[in-house]
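**Q** What shape does this take:
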Amino acid sequence: MRRLVAMLLAGCSLSAPAPATARQSETSASEERAVREADDAFWRAFNACDKAAMASFFADDVEFYHDMTGLTRSRVAVTNSMMTGPCGTPGLHMRRKLVTSSVRYQPIPGYGALLSGEHIFYARQGDGAEHAATRARFTVIWKHEGDRWLMTRVISSDHAPVSYRPTARAITVPASALARYQGRYRTEAGIIDITLEHGALVLRSAGLRVTLAASAPGRFFALERDLQFRLSGKAIDVVENGAVVASGPRVGQR
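**A** Below is the predicted model of the structure:
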């Protein structure tokens with residue numbers, strides 16, 4: 001009899017339902033995956049400027065708070081703002097990329113969840129090269145409605161330019177060799193002054209001031225932004241996104 005009771009108890013333990021905490025953990029993990037997947041799907045629609053797809057992720061009464069453009073209310077207004085803003089500038093293409101390590105998820109019992117983190121927006125003008133333009137923070141409250149997840153409140157904040165990192169590798173050029181490039185150059189875009197300061201060439205033009213590093217003889221790049229220069233000692237070419245945007249002769253020496 002004791003053996004039979006032991007077997008019955010063992011059978012009951014094998015078929016007993018999982019503890020409530022385990023079921024809750026599984027539900028939470030499933031909901032987190034669903035929210036993250038909804039977020040990914042929305043931003044794919046954004047990158048493609050798909051108006052209908054973007055609109056499907058907003059609640060009717062969504063409120064979008066932006067630290068540069070202010071408050072926008074309603075699904076229609078928020079979607080239209082994206083189509084006339086990031087998607088409405090001629091020749092400009094914006095692409096959002098998530099900073100995966102920054103993402104934080106938090107459930108809101110009985111309502112939905114909060115998703116926050118950072119993302120980077122890459123910009124490309126026409127056929128030019130794409131570059132990281134802006135980094136920002138986002139906080140989104142998602143509502144679980146039926147079988148859908150909808151954004152009800154969105155905060156987009158802390159927008160700031162992305163620090164430029166040159167892709168070219170600098171070579172060492174003696175100051176005596178750099179001195180031959182000093183001078184004033186007249187281009188269709190305006191006057192460019194190049195001086196030798198503390199062993200490096202410094203270029204000034206209107207409000208622009210950049211430090212030049214050499215990548216090859218007569219080839220230079222700016223350390224502060226995506227600009228390249230071809231210098232012969234007698235003339236200059238300014239290259240941006242692979243195209244010459246200004247050129248002209250040297251009209252004065254220093």
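
**Q** Poorly predicted segments of the stretch 151-254 of the chain, please.
**A** Residues of the stretch 151-254 of the chain that meet the criterion pLDDT under 70 lie in 254.

**Q** which stretches of it form strands?
**A** For the stretch 151-254 of the chain, the strands defined by DSSP state E, counting those that start in this stretch cover 183-187, 190-197, 200-205, 208-216, 219-222, 228-231, 235-240, 243-252.

**Q** beta partners for the nearest residue to residue 250 once chain neighbours are set aside?
**A** Residue nearest to residue 250 in three dimensions, not counting chain neighbours: residue 183, with 4.5 Å by C-beta to C-beta, 6 or more residues apart in numbering. Using the backbone N, CA and C atoms, a C-beta is placed for each residue, glycine as well. Beta-bridge partners of residue 183, counted by DSSP bridges, are residue 194.

**Q** then stretch 40-48 to PDB, C-alphas only?
**A** Presented in PDB, the C-alpha positions along stretch 40-48 are these (Å, rounded to 0.1, in the frame of the first residue of the first chain):
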ATOM      1  CA  ASP A  40      11.500  46.400 -35.000                       C
ATOM      2  CA  ALA A  41       8.600  46.200 -37.400                       C
ATOM      3  CA  PHE A  42       7.600  49.900 -36.900                       C
ATOM      4  CA  TRP A  43      11.100  51.100 -37.600                       C
ATOM      5  CA  ARG A  44      11.400  48.900 -40.700                       C
ATOM      6  CA  ALA A  45       8.300  50.800 -41.900                       C
ATOM      7  CA  PHE A  46       9.900  54.100 -40.900                       C
ATOM      8  CA  ASN A  47      13.100  53.300 -42.900                       C
ATOM      9  CA  ALA A  48      11.000  52.400 -45.900                       C
END
